[in-house]
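In: here is my input, please return the structure:
(one chain, ligands or ions: 1)
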Amino acid sequence: MAETTVTNPPAVGIDVDTLGSPSGPAPELGEVVFDVDDLDVYYGEFRAVRDVSFDVRKRQITALIGPSGCGKSTVLRTLNRMNDLIDIARVEGSVRYHGVDLYDPKVNPVEVRRRIGMVFQKPNPFPKSIYDNVAYGPRIAGQKKGLDDVVEKALRGAALWDEVKDRLHTSGLGLSGGQQQRLCIARAIATDPEVLLMDEPCSALDPIATARIEDLMQAIKDEYTIVIVTHNMQQAARVSDMTAFFTTEVSDTSDTRTGLLVEYDQTEKIFSSPADERTENYVTGRFG
Ligand SMILES: Nc1ncnc2c1ncn2[C@@H]1O[C@H](COP(=O)(O)OP(=O)(O)OP(=O)(O)O)[C@@H](O)[C@H]1O
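Out: Below you'll find the predicted structure:
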């Protein structure tokens, strides 16, 4: 479905006219939200990933898969500058969000993380009430009125409202693991982001809670662009539209492994007729 409207406000310090893909979206694929080009990420001297280029399209679910250590989480964190929080991390190449260089010094990383929310592997509610967990982001942003509505909408959006509406002022830590993860999703969507980054969001959950999160992802994909890191290939195949397969290569000169993107395509293609033998070996379970 063609989608050309930029509905979110521009990043702080960036002219709205600079938003939007310069060459315009490919209509059949949807608007480009992220344009990652020739990305290298270093931790100190160690190059963790190299030469990564791919596009993320609006309102699609994009899965990053590959063996342990190939840099999936590292690449995911570059999409909302979470790597800034790691002292020794350094990013080279470009990550454009609606055509704006996310690493431009004029871009405010706090605003970036409001628009591009993140859900982590282990559910991490704050030791606060369910209500205060969800209201946290809007309050930080200065919102004082209408919080009840924001909290209800976010909890409904995360398919948790019916389970918690009578205990909003009890601790978020009293919820089950799956409920806690949906609370974290509610917290992430309460700030009205455009994008949700999910770093193995189901790996700490049982199959039933996992299925609920996968259903939730399908239910909210019309509103959000989602990028998910997963170890679970069935999950990538079930939920995503596009899949990026990463692997590692061993350095000629040292014993270090650097991650690289092998293949990026529609999920169906990656799992049924991948172009690269390394992808085929991985998705058929012969490697990794
Ligand atoms: N904070 C850090 N400091 C130093 N090295 C790091 C840091 N985070 C990741 N790395 C290294 O970068 C490489 C890529 O790690 P990353 O966690 O991105 O891979 P991954 O594919 O997500 O792995 P996994 O599937 O095991 O979570 C690894 O060699 C890892 O040891």
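
In: run through the bridge partners of the spatially most central residue of the chain.
Out: With distances taken as C-alpha atoms, centre = their mean, L197 lies nearest the centre of the chain, 1.5 Å away. Beta-bridge partners for L197, by DSSP bridges, are M118, V227.

In: is it in contact with M118, as I believe?
Out: Yes - with contact defined as C-beta atoms under 8 Å, L197 reaches M118; the gap is 4.6 Å. For every residue, glycine as well, the C-beta is placed using N, CA and C.

In: okay, and the common contacts of the two?
Out: N80 (C-beta atoms under 8 Å, 6 or more residues apart in numbering).

In: now the residue nearest to Y43 when sequence neighbours are not counted. Its backbone dihedrals?
Out: With sequence-adjacent residues excluded and distances taken as C-beta to C-beta, 6 or more residues apart in numbering, Y43 is closest to I88, at 5.0 Å. Phi and psi for I88, reported as degrees, to the nearest 10, are phi -90, psi 0.

In: so what's the residue count around I88?
Out: A count of nearby residues for I88, using other C-beta atoms under 10 Å, gives 10.

In: just P127 next, same as before
Out: Other residues close to P127 by other C-beta under 10 Å number 9.

In: correct me, but it touches L173?
Out: Yes - counting by C-beta under 8 Å, P127 touches L173, with 5.9 Å between them.

In: what sits against S73?
Out: 199-200, 229.

In: mind listing which of the residues you listed are in strands?
Out: 199, 229 (DSSP state E).

In: which strand or helix spans F54?
Out: Using DSSP states H and E, F54 sits in strand 46-57.

In: any residues touching that strand, and which ones?
Out: So strand 46-57 is contacted by 29-42, 62, 70-71, 74-75, 79, 93, 195, 225, 227, 241-242, 244, 246, 256, 258-261, 264 (C-beta under 8 Å, 6+ apart).

In: among these, which lie within strands?
Out: 32-42, 62, 93, 195, 225, 227, 242, 244, 246, 258-261, 264.

In: what subset of those residues is also close to the ligand?
Out: Among those, the ones lying near the ligand by C-beta under 6 Å from any ligand atom are G259.

In: just the buried ones out of the ones in strands among the contacts of strand 46-57, please.
Out: 32-36, 39, 41-42, 62, 93, 195, 225, 227, 242, 244, 246, 258-261, 264 (16 or more other C-beta atoms under 10 Å).

In: quick check, distance from the strand holding F54 to the centre of its chain.
Out: 14 Å (C-alpha atoms, centre = their mean, to the nearest Å).

In: would you mind listing what in the protein touches the ligand?
Out: So the chain meets the ligand at 43, 48, 66, 68-74, 86, 88, 231, 259 (C-beta under 6 Å from any ligand atom).

In: max pairwise distance over these: which two?
Out: I88 and H231 (24.9 Å; C-beta to C-beta).

In: can you get me a residue count around D215?
Out: 12.

In: need the per-residue pLDDT for the residue nearest to it when sequence neighbours are not counted.
Out: Distances taken as C-beta to C-beta, 6+ apart place A159 nearest to D215, at 7.5 Å, with adjacent residues excluded. pLDDT, A159: 90.

In: next one: the one 3 residues further on
Out: Reported pLDDT at D162 in the predicted model: 94.

In: tell me if it really is in a strand.
Out: No - using DSSP: H, G, I helix; E, B strand; the rest coil, the assignment for D162 is helix, not a strand.

In: and it, how far from the ligand?
Out: Counting by C-beta to the nearest ligand atom, to the nearest Å, the gap from D162 to the ligand is 33 Å.

In: make 486 the first number, not 1, from now on.
Out: Yes, from this point I'll number from 486; that puts the last item at D647.
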